[in-house]
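K.L.:
Whatever this is, show me its structure:
(chains A, B, C and D)
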Protein chains: 2
Amino acid sequence: MSTALPNTTVARRVPCEACPLRDNEHFRDFTPAELKFVSGFKRGELVSEAGSMILAEGSHNAQLFTLLSGWAFRYKTLEDGRRQILNYLLPGDLVGLQGSVIGEMEHSVESLSPVVLCVFQRDNLPNLFENHPGLAFDVTWLASREERMLDENLLSVGRRSATERAAYLIAFLYQRSEQVGQGRSSRHLIPITQQHVADTLGLSIVHTNKTLRKLASRELIRWHDRACEVLDPKGLAEVAGWDGLSESKRPLI
Amino acid sequence: MSTALPNTTVARRVPCEACPLRDNEHFRDFTPAELKFVSGFKRGELVSEAGSMILAEGSHNAQLFTLLSGWAFRYKTLEDGRRQILNYLLPGDLVGLQGSVIGEMEHSVESLSPVVLCVFQRDNLPNLFENHPGLAFDVTWLASREERMLDENLLSVGRRSATERAAYLIAFLYQRSEQVGQGRSSRHLIPITQQHVADTLGLSIVHTNKTLRKLASRELIRWHDRACEVLDPKGLAEVAGWDGLSESKRPLI
DNA sequence: CAGCAGACATGTCTTTGTTAATTGCCGCCG
DNA sequence: CGGCGGCAATTAACAAAGACATGTCTGCTG
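P.N.:
Below you'll find the model as predicted:
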């Protein structure tokens, strides 16, 4: 039964409804020494990997960044090449807290479209936290949201059927894409291949194909070249047994 | 190429090698209004759930706590009862950032042994961050570690075979148990049932049983009543194709 | 034009799930 | 004290889901 403490200047940020670190504006008070912007990636390019030259330059530990625009995904692989996609990255998402040390192949990040990044020095995090009140919250908020997404993903891969999994994934990515507001394209296109879907859901590419065809035959989706068009998000959510689409926005912290 | 900034009082915490929030000592500077200790749970008891009376009292949002002693696990369920265990909680682990709102059944936590908790008011987090420099780091560190564990878990469920999954899970829990130093029991016992294993790995209980027997016949483990004894951790890691056992301790942030 | 990659298709084989029945242990209660 | 019921672990027999090997077709690209 703790009593409500008085609000402070930090507390003004609560509840935190919007996604932080989304646009450049959030980085106004940062000095050039604290961050740098990186762009120019093409689709299918490795953004960060053990040994990658792009983010590993200078410090081998600089692997902390937010996505400012575009799509990407994070994955791990086993020695024999089996790959598991862990989550998809849309503008505002933070990557690198998971820790990546050269040679240990913790995880890698690959782009699905041209992307723009904002890169921080990982080992500078203590100073960043101190110099930018509120950043600790933003990071906690983002980590928290990512964990919720991973949770749902794990539930999906572990306990849902192939059809449910596929429907869930697509409905989920559709929702995220809507939230971010990819205004650009009028149709709802998700820039992934069936191989990505397979590696996300823990299925073979063949079975994934069969499953997607079933969804397509029910007019829930339509598959394009390297992209999925969502025809009926609600129908997908229903197939997936997922109520997240209608989930009300709510404060996380 | 940012220059190295001078160390500050906050920076002294880096690199952070040990698990923070592990013993009572870490909570010395906290006031009684900021946290409370809860104990008295028995094995198999719900620690936190939508509607639970234990942690929901007062604020419906108090679901933020660390485990001070004992074992527990976090899980989600689908409407029809299928359950997926998300991760296991050992002393020092933090729960509740994922967000849990009454009625939405986000996730639940159940104990595997008697546990002691340290509970924070979730909506008081802003003040906590402000009043306790370093706490933001500890939380980030913990969230980061949890995400790495979830990543590996997802890889496991998505891409490893039943035998690999089981071997990985047990080797992993063995390692964590060792790190925490459950000194109490001389033998290395993990207090879970085969049903827990099944729900963690996304397998049926029957198949899990066959898989575990195979591991037992290879003298890697021995199954007791509601507990798993680890005979050969290295052998398990080898079966799992996992090199995490020998992983050197390293700073995360 | 050749080469290649992705989508689509099919048949066979392996892995895993389902159902159901058996045993042993333990705590509860008459 | 002893029967009863429940849970964990186990096993068998069968069904289903999904993996794998293979091949075709199409559109793109050099």
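
K.L.:
Validate this expectation: A:Leu21 resides in a helix.
P.N.:
No: checked against DSSP: H, G, I helix; E, B strand; the rest coil, A:Leu21 lies outside a helix; its state is coil.

K.L.:
Could you count how many residues lie near it?
P.N.:
A:Leu21: 20 surrounding residues under other CB atoms under 10 Å in any protein chain shown. The way it works is simple: take the backbone N, C-alpha and C, and place the C-beta from them, glycine included.

K.L.:
what kind of secondary structure is the closest residue to it other than its chain neighbours in?
P.N.:
Once flanking residues are discounted, A:Leu21 sits nearest to A:Thr66: 4.7 Å by CB to CB, 6 or more residues apart in numbering or on different chains. Secondary structure assignment for A:Thr66 (three-state DSSP): strand.

K.L.:
residues touching A:Thr66, list them.
P.N.:
Residues near A:Thr66 by CB atoms under 8 Å, 6 or more residues apart in numbering or on different chains: A:21, A:92-95, A:117-118.

K.L.:
Distance check, A:Leu67 against DNA strand C.
P.N.:
Remark: distance between A:Leu67 and DNA strand C (CB to the nearest atom of the strand, to the nearest Å) = 22 Å.

K.L.:
same thing with A:Leu150?
P.N.:
Distance, A:Leu150 to DNA strand C, using CB to the nearest atom of the strand: 20 Å.

K.L.:
Where does that residue fall, secondary structure wise?
P.N.:
Assigned by DSSP states H and E, A:Leu150 falls within helix A:135-159.

K.L.:
what bits of chain A have low per-residue confidence?
P.N.:
The model of chain A has pLDDT under 70 over residues A:1-19, A:23-25, A:40-63, A:98-106, A:182-187, A:247-253.

K.L.:
got the domain boundaries for it?
P.N.:
A:14-141, A:160-246 (automatic domain parsing).

K.L.:
Including distance to DNA strand D, could the ones you listed go into JSON lines?
P.N.:
Converted to JSON lines, these look like this (distance: least, CB to the nearest atom of the strand, whole Å):
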{"stretch": "domain A:14-141", "distance to DNA strand D": "9"}
{"stretch": "domain A:160-246", "distance to DNA strand D": "3"}
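
K.L.:
would JSON lines of the ones you listed with distance to B:Lys36 be doable?
P.N.:
As requested, the domains of chain A are exported to JSON lines (distance: least, CB to CB, whole Å):
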{"stretch": "domain A:14-141", "distance to B:Lys36": "21"}
{"stretch": "domain A:160-246", "distance to B:Lys36": "32"}
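
K.L.:
anything in stretch A:75-88 sitting right up against DNA strand C?
P.N.:
No: applying CB under 7 Å from any atom of the strand, one finds stretch A:75-88 separated from DNA strand C by no less than 12.4 Å.

K.L.:
that older thread, what's the angle between the helix holding A:Leu150 and helix B:135-159?
P.N.:
On the basis of axes from the mean of the first three to the mean of the last three CA atoms, to 10 degrees, helix A:135-159 is oriented at 20 degrees to helix B:135-159.

K.L.:
helix or strand right after helix A:135-159?
P.N.:
helix A:162-180.

K.L.:
Counting by contacts, list what the very next helix or strand once past that next one packs against.
P.N.:
On the C-terminal side of helix A:162-180, the closest following helix or strand by DSSP H and E is strand A:189-190. Helices and strands touching strand A:189-190, by 3 or more CB pairs under 8 Å, 6 or more residues apart in numbering or on different chains; DSSP states H and E, are helix A:162-180, strand A:227-230.

K.L.:
Parallel or antiparallel, which strands does strand A:189-190 pair with?
P.N.:
Sheet pairing of strand A:189-190 (DSSP bridges) gives strand A:227-230 (antiparallel).

K.L.:
quick one: the strand it pairs with near DNA strand C?
P.N.:
No: using CB under 7 Å from any atom of the strand, strand A:227-230 stays clear of DNA strand C, coming no nearer than 8.0 Å.

K.L.:
where exactly do the strands run in the stretch 1-150 of chain A?
P.N.:
Assigned by DSSP state E, counting those that start in this stretch, the stretch 1-150 of chain A shows strands spanning A:35-39, A:46-48, A:64-69, A:72-77, A:83-89, A:94-95, A:108-111, A:116-120.

K.L.:
Determine how far the fifth one lies from the middle of the whole chain.
P.N.:
Relative to the centre of its chain, strand A:83-89 is centred 8 Å away, using CA atoms, centre = their mean, to the nearest Å.

K.L.:
Go ahead and confirm A:Arg165 touches A:Leu155.
P.N.:
No: judged on CB atoms under 8 Å, A:Arg165 makes no contact with A:Leu155 at a distance of 9.8 Å.

K.L.:
ok, back up a step: between the contacts of A:Thr66, which has the most around it?
P.N.:
The most crowded member of the contacts of A:Thr66, judged by other CB under 10 Å, is A:Leu117 (27 neighbours).

K.L.:
how deep is the residue lying closest to A:Glu178 once chain neighbours are set aside tucked in, by neighbour count?
P.N.:
For A:Glu178, ignoring the flanking residues on the chain, the nearest one in space by CB to CB, 6+ apart is A:His188 at 7.5 Å. Around A:His188 there are 18 other residues, counting by other CB under 10 Å.

K.L.:
what about A:His188, distance to A:Trp223?
P.N.:
Counting by CB to CB, to the nearest Å, the gap from A:His188 to A:Trp223 is 13 Å.

K.L.:
in stretch A:239-247, what's buried?
P.N.:
A:239-240, A:242, A:245 (16 or more other CB atoms under 10 Å in any protein chain shown).

K.L.:
Redo the residues you listed as JSON lines? Include secondary structure.
P.N.:
Converted to JSON lines, the buried residues of stretch A:239-247 look like this (three-state DSSP):
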{"residue": "A:Val239", "secondary structure": "helix"}
{"residue": "A:Ala240", "secondary structure": "helix"}
{"residue": "A:Trp242", "secondary structure": "coil"}
{"residue": "A:Leu245", "secondary structure": "helix"}
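
K.L.:
Quick one: residues contacting A:Leu117.
P.N.:
By CB under 8 Å, 6+ apart, the neighbours of A:Leu117 are A:37-39, A:47, A:65-68.

K.L.:
Is it possible to mark the buried ones in those?
P.N.:
Judged by 16+ other CB under 10 Å, buried ones among these: A:47, A:65-68.

K.L.:
A:Asp93 and A:Trp141 touch, don't they?
P.N.:
No: checked against CB under 8 Å, the pair A:Asp93 and A:Trp141 is beyond contact range at 11.6 Å.

K.L.:
And the residue nearest to A:Leu21, how far from chain B?
P.N.:
15 Å (CB to the nearest CB, to the nearest Å).

K.L.:
now do A:Asn124
P.N.:
From A:Asn124 to chain B the distance is 6 Å (CB to the nearest CB).

K.L.:
Quick check: nearest residue in space to A:Tyr75, chain neighbours excluded?
P.N.:
Spatial nearest neighbour of A:Tyr75, excluding adjacent residues (CB to CB, 6+ apart): A:Ile85 at 4.6 Å.

K.L.:
Buried residues, stretch A:197-206. List them.
P.N.:
Buried residues in stretch A:197-206, counting neighbours by 16+ other CB under 10 Å, are found at A:197-203.
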